Every structure is written in C-alpha cells, then in structure tokens.
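Visitor: Following is a predicted model, sequence given first.
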Amino acid sequence: MYLFGLGLRREMDTVKTVSFFLEMEMGVSYITYNKYENEILAFEGYPVYVAAINGREVTEYTFLTGFGAGIVQHMKGNLALIVEFKLNVFRLNGEAITNYMIMSGFSFDL
C-alpha cells in the first residue's frame, strides 16, 4: 500500500510541557492485494466451504480522510513524545471502511 496525503495539525492548548492537538488529513492510497473466491460445496446435505487456491491480483485506488486528537510531550531540543487517537475512513468501490488507531511514538521537528 502506498499513500499520498496532505494533513494539518493544530496545537490547541499547552499546559507546562504538554500540548493538546487536533489533526486532519486527506489522501489517495494505492493498494495491491490477492483476491480469492471461496466455493460452497454440499457434503451429505451440509454446506462445506472450500477456499480457492489460485487467486487473482487486484489493484485499487482509495480516497482517505482522517481525523485525530492527541497530546505531545515536548522533550529536549526538537524531540517530542506523541500519543494520538485517530479515525480514518477509506472509500473503496463506493463503500466506506472505518479504521480506528491509537498511536504512540517520537517526533522530531525540523
């Protein structure tokens, strides 16, 4: 999966060394995956699901919108610790797929 996106982050309030922020992003992603068709066979009157062995490669483009909120703990220099809750909505073939994430990590400001 490749993603090209643009986003905006706005720091809302700062208490000592902790800042609260809101984030918004939009983008387009390129996804390639294998799709398998399952078969349903009958065995003594009961359905049996059989997974297909051979799949076909599918390439799709999706539109992404994302919203997030989190906190930043500013550390020494340009280094910061981030904890964020994020909601992403992918549009794939007219269907909306929602993804929730809790992320934590380090940030370095240029």
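Guide: Ah, there it is.
Visitor: Which parts of the protein are strands?
Guide: Taking DSSP state E as the test, the strands found in the chain are 2-15, 18-35, 39-43, 46-50, 56-74, 79-92, 95-108.
Visitor: and the longest one, C-alpha only, in CSV?
Guide: What that stands for is strand 56-74. In CSV, the C-alpha atoms belonging to strand 56-74 read as follows (Å, rounded to 0.1, in the frame of the first residue of the first chain):
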residue,chain,number,x,y,z
ARG,A,56,-6.0,-13.0,-8.8
GLU,A,57,-4.1,-9.8,-8.1
VAL,A,58,-6.3,-6.7,-7.6
THR,A,59,-5.1,-3.1,-7.8
GLU,A,60,-7.3,-0.4,-6.4
TYR,A,61,-7.1,3.3,-5.5
THR,A,62,-8.9,4.5,-2.4
PHE,A,63,-9.7,8.0,-1.0
LEU,A,64,-8.8,8.6,2.6
THR,A,65,-10.0,11.1,5.2
GLY,A,66,-8.6,11.1,8.7
PHE,A,67,-9.2,12.9,12.0
GLY,A,68,-7.2,12.7,15.1
ALA,A,69,-6.6,14.2,18.6
GLY,A,70,-3.7,13.7,20.9
ILE,A,71,-1.0,15.0,23.2
VAL,A,72,2.6,16.0,22.7
GLN,A,73,5.2,15.9,25.5
HIS,A,74,8.0,18.2,24.4
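Visitor: Who are the packing partners of that strand?
Guide: strand 2-15, strand 18-35, strand 79-92 (3 or more C-beta pairs under 8 Å, 6 or more residues apart in numbering; DSSP states H and E). Where C-beta positions appear, they are placed from N, C-alpha and C, glycine not excepted.
Visitor: Format these as CSV; extra columns: mean neighbour count.
Guide: Output for these, formatted as CSV (neighbours: other C-beta atoms under 10 Å):
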stretch, mean neighbour count
strand 2-15, 10
strand 18-35, 13
strand 79-92, 15
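Visitor: Make a markdown table out of these and add mean pLDDT.
Guide: Output for those, formatted as a markdown table (pLDDT from 0 to 100):
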| stretch | mean pLDDT |
| --- | --- |
| strand 2-15 | 86 |
| strand 18-35 | 89 |
| strand 79-92 | 91 |
